[in-house]
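>>> pasting a predicted model and its sequence here:
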Amino acid sequence: MRRFERFLPWHSPAFDASFKAQRGARTRAASWMGLSVVPAVALFGMSLVLSPLLTCPLQAEKPVSRAVQPLTPGTILPVSLDTSVHMHHAHPGQRIQATLMQSILGTDVHRGARLEGEVVAVTLAPQPRLVLRFTTLRLRHAQLPVAVSLRAMASLLEVEEAEVPEDMAMRGTVPENATTRQIGGQQVYRGGGPVAEGMVAVGQPVAYGILAVPMVHPGQPCRAAVGDASTPQAFWVFSSDACGLYGYGNLRLEHAGRSGPAGQIVFTASHPNANLQSGSGLLLRVLPPDPAASALPAGSGMGTHPQAD
């Protein structure tokens with residue numbers, strides 16, 4: 001630029017001196033800041049871009065809370081127990097927690113929600129006895145008070161076996177198209193097949209579990225569907241007719257919590273060292289808002305078929 005300035009019509013010694021003075025002032029100003037001219041300009045441009053972000057709070061940092069509809073009575077909740085409960089060391093008020101293993105169809109309740117509860121009572125003599133209940137379903141931005149009864153429970157070993165495909169040794173078999181056997185005996189044919197009991201289709205495979213309508217067989221103490229009988233429920237690794245305890249030979253379900261005292265699940269054990277293992281699977285059912293409405297008549301004993309869910 002300087003080599004062509006002398007050919008400009010307005011070039012003069014005065015103009016040349018003024019130009020040098022202005023350029024020297026800009027250079028001195030940049031040197032006072034310890035910056036060259038180009039980085040200084042870049043810094044100024046970055047400040048214009050970042051200024052709104054620094055002055056305005058990020059929306060993601062604000063707590064979000066929204067209303068969540070209560071779960072319909074009869075909804076099945078398949079959960080994995082996060083807290084081991086040792087009967088010999090348990091005490092009233094001990095907190096327990098479980099994780100929901102499959103999203104609930106048609107609701108805001110998704111896989112990973114936390115179900116929280118507590119040990120209500122524990123006795124070791126004359127027979128070891130444990131009472132617990134779940135009271136709160138904690139979602140990402142909300143929590144729901146709940147009361148639930150127990151339909152089925154399986155040990156950690158039973159859960160792990162239900163998650164292992166039966167035909168993984170076959171060439172070309174992957175979990176997405178494998179066949180698994182649910183706790184209770186039903187088979188899951190992934191990759192386009194159904195959930196079947198023998199030759200009869202009873203449900204469909206979905207991500208992280210199955211969807212099926214609750215079933216019962218003659219002589220089982222559990223109930224079938226409650227409310228809308230056509231609504232498929234989430235069963236995770238359980239069969240749609242799973243009922244009672246699996247893999248817990250030293251425990252007995254004395255009271256499922258369906259009737260008074262509603263929501264309280266009672267186990268008795270053959271010895272005081274019995275425990276509920278972390279990783280066990282529980283198939284729970286949501287009770288009505290007024291659980292007393294489903295209570296048995298006076299004089300009904302715990303452990304009878306109407307008590308089971």
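Perfect, thanks for sending it. Numbers count the residues shown, from 1 in each chain.
>>> surely residue 286 and residue 145 touch.
No - distance between residue 286 and residue 145: 10.9 Å, which falls outside the contact criterion (C-beta atoms under 8 Å). In short, each C-beta sits where N, CA and C put it, glycine included.
>>> okay, those two: which has more neighbours?
Of the pair residue 286 and residue 145, residue 286 is the one with more neighbours under other C-beta atoms under 10 Å, namely 21 against 9.
>>> for that one, what are its contacts?
Counting by C-beta atoms under 8 Å, 6 or more residues apart in numbering, residue 286 touches 71-75, 77, 146-148.
>>> now the helices for this protein?
All helices of the chain, identified by DSSP state H, fall at 2-5, 13-32, 37-55, 156-163.
>>> ranked by average pLDDT, which of these falls at the bottom?
Set side by side, those differ in mean pLDDT, and helix 2-5 is lowest with a mean of 49.
>>> quick one: contacts for residue 267?
Applying C-beta under 8 Å, 6+ apart, the residues contacting residue 267 are 129-131, 251-254, 274, 276.
>>> what about 6 Å?
Under the criterion of C-beta atoms under 6 Å, 6 or more residues apart in numbering, the neighbours of residue 267 are 130, 251.
>>> any idea how far residue 225 is from it?
For residue 267, the distance to residue 225 (C-beta to C-beta, to the nearest Å) stands at 26 Å.
>>> can you pull the poorly scored residue ranges out of this protein?
Per-residue confidence of the chain (counting by pLDDT under 70) places the weak regions at 1-67, 168-175, 228-229, 290-308.
>>> partners of residue 238 in the sheet?
Under the criterion DSSP bridges, residue 238 forms beta bridges with residue 183.
>>> contacting residues around it?
Contacts for residue 238 (C-beta under 6 Å, 6+ apart) come out as 152, 182-184, 283.
>>> again, only using 7 Å
With contact taken as C-beta atoms under 7 Å, 6 or more residues apart in numbering, residue 238 is in contact with 78, 152, 182-184, 281, 283.
>>> now flag whichever of those residues is closest to residue 90.
The shortest gap between residue 90 and any of the contacts of residue 238 belongs to residue 281, at 19.8 Å (C-beta to C-beta).
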